[in-house]
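*Asks:* have a look at this prediction, sequence included:
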Protein chains: 2
Amino acid sequence: MKRSEAVAEAAITLLAERGMRGLTHRAVDEAAGLPPGSTSNLARTRAALLELTLSRLTALEEQVFAGALVGEPPTVAELPDLLARVLQVQLHDRRRTLARYELALEATRRPELRRIYDRAGRRFRDPAVALLAAAGSADPARHGRRLVAYGEGIMFDAIAGAGTEPSLDEIREALRELLAGMLGGQQTSR
Amino acid sequence: MKRSEAVAEAAITLLAERGMRGLTHRAVDEAAGLPPGSTSNLARTRAALLELTLSRLTALEEQVFAGALVGEPPTVAELPDLLARVLQVQLHDRRRTLARYELALEATRRPELRRIYDRAGRRFRDPAVALLAAAGSADPARHGRRLVAYGEGIMFDAIAGAGTEPSLDEIREALRELLAGMLGGQQTSR
């Protein structure tokens, strides 16, 4: 692992375990097992450290999503299962998803972080729009955004809200229902 | 306003504007215009300050939700509009919703905060389950949870994610589609 990756991984762990208050250059050095000053050498400011961390995180999440889309384009009937599996990977990586939520909130206060977050968001939203278009949605741009929002809500509820973690079956059924409502109900069979 | 309410309001503002790192007893004294030490007198520890703040926040959000449910029980056709209006109030109160997200993440690390958050969550989820049951859902417990998760996702996406804020029409249409998918498509007319 490159040193920048080790730093980002340690920062992700600290964000998940201790929140924004627990993330300091010194804590990252310690958590990554690096000599004091290593994190500062790589990312001088707090802003730079946050940007490095978010960039690494979004690259990792993108790999999960891209991996799911390898191969033949899914049929409409296959969509709920495909999307449920992507969500479940992120749900099981609680550490990474919690860190992303911390960074999403921090991005409301830091324009440069917002820019990275938004760019990453488009890399999830654009494939969702394309899947909805291929599925015959009458308004794929809107439906794609809502599908991403639903996934986000299911994850947030399970990880940080008052919900319990849904099973793969439950996520699949939830997505099947949303898609049925969007597409008019005939196209996604049980 | 009681002093405890002034302290909680100032804490909510600090959480929204500066995040968990910006919330200190001293900053709350200053933001609330209170003499130094006032916040400490009221909530000695950081945990106590967080609990006071979350309790106030959930009481305020509950008022919004309860207000929307006053009067005759809604028909199925009225549900999307009713729920969209509740979501829009919370979307427009960006300060309060951001503070709630900060506290939701902190609650993953503090069991006492989690307990308050979960109790409040049930006060939203239980009416959602009742509304779905009245609307003829075959599985109101599951559908109620998913409806709350969808609302959460739409809000999180608009406020902290990469999305733009949806209009009332867009939220209503999104809820109408989800409910149509849940209820089999016949019961929610445009």
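*Replies:* Yes, it's here.

*Asks:* give me the spatial nearest neighbour of A:Ile171, chain neighbours excluded.
*Replies:* Nearest in space to A:Ile171, with sequence neighbours left out and distances taken as CB to CB, 6 or more residues apart in numbering or on different chains, is A:Ala84 at 4.1 Å. (Each C-beta comes from the backbone N, C-alpha and C, glycine too.)

*Asks:* my read: the one you found touches A:Leu178, true?
*Replies:* No. With contact defined as CB atoms under 8 Å, A:Ala84 does not count as touching A:Leu178 (11.3 Å).

*Asks:* ok, the residue nearest to A:Ile171 - contacts?
*Replies:* Contacts here follow CB atoms under 8 Å, 6 or more residues apart in numbering or on different chains; on that basis A:Ala84 touches A:Leu168, A:Ile171, A:Arg172, A:Leu175.

*Asks:* same check on A:Arg110?
*Replies:* Taking CB under 8 Å, 6+ apart as the definition, contacts of A:Arg110 comprise A:Ala47, A:Leu50.

*Asks:* separation between A:Leu183 and chain B?
*Replies:* A:Leu183 sits at a distance of 9 Å from chain B (criterion: CB to the nearest CB, to the nearest Å).

*Asks:* same question, A:Ala43
*Replies:* 17 Å.

*Asks:* hang on, that residue packs against A:Leu52?
*Replies:* Yes. In this structure, A:Ala43 is within contact of A:Leu52 by CB under 8 Å, at 5.0 Å.

*Asks:* right, and A:Leu113 touches A:Arg100 too?
*Replies:* No. Here A:Leu113 lies out of contact with A:Arg100, judged by CB under 8 Å, at a distance of 11.6 Å.

*Asks:* out of the two, which sits in the busier spot?
*Replies:* With other CB atoms under 10 Å in any protein chain shown as the criterion, A:Leu113 and A:Arg100 differ in neighbour count, and A:Arg100 comes out ahead with 25 against 20.

*Asks:* excluding residues flanking it in the chain, which one is nearest the more buried one?
*Replies:* Looking at A:Arg100 with CB to CB, 6+ apart, the closest residue is A:Leu57, at 5.7 Å.

*Asks:* my read: that neighbour touches A:Tyr101, true?
*Replies:* No. With contact taken as CB under 8 Å, A:Leu57 and A:Tyr101 are classed as non-touching, separated by 10.7 Å.

*Asks:* list of residues touching stretch A:132-146?
*Replies:* Taking CB under 8 Å, 6+ apart as the criterion, the residues outside stretch A:132-146 that touch it are A:73, A:76, A:79, A:125-126, A:128-131, A:147, A:178-179, A:182-183, A:187, B:154, B:157, B:163, B:170, B:173-174, B:177.

*Asks:* how about stretch A:11-23?
*Replies:* In this structure, residues lying in contact with stretch A:11-23 by CB under 8 Å, 6+ apart are A:27-28, A:31, A:49-50, A:52-53, A:56-57, A:94-96, A:98-99, A:102-103, A:106, B:19-21, B:105-106, B:109.

*Asks:* 6 Å - rerun?
*Replies:* With contacts defined as CB atoms under 6 Å, 6 or more residues apart in numbering or on different chains, stretch A:11-23 is touched by A:Ala27, A:Val28, A:Ala31, A:Thr53, A:Arg95, A:Leu98, A:Ala99, A:Glu102, B:Gly19, B:Met20, B:Arg21.

*Asks:* what's the neighbour count on A:Phe156?
*Replies:* As a measure of burial, A:Phe156 has 25 neighbours, counting by other CB under 10 Å.

*Asks:* report the separation between it and B:Thr13.
*Replies:* Shown here: A:Phe156 relative to B:Thr13, a distance of 23 Å by CB to CB, to the nearest Å.

*Asks:* cool, and A:Tyr150?
*Replies:* A:Tyr150 sits at a distance of 30 Å from B:Thr13 (criterion: CB to CB).

*Asks:* all helices of chain A, in order?
*Replies:* Taking DSSP state H, the helices of chain A run over residues A:3-18, A:25-32, A:38-42, A:46-68, A:79-92, A:94-107, A:111-134, A:140-159, A:168-183.

*Asks:* so which of these is nearest B:Ser4?
*Replies:* Among these, the nearest to B:Ser4 by CB to CB is helix A:94-107 (25.2 Å).

*Asks:* elements contacting that closest one?
*Replies:* Using 3 or more CB pairs under 6 Å, 6 or more residues apart in numbering or on different chains; DSSP states H and E as the contact definition, the elements that helix A:94-107 packs against are helix A:3-18, helix A:111-134.
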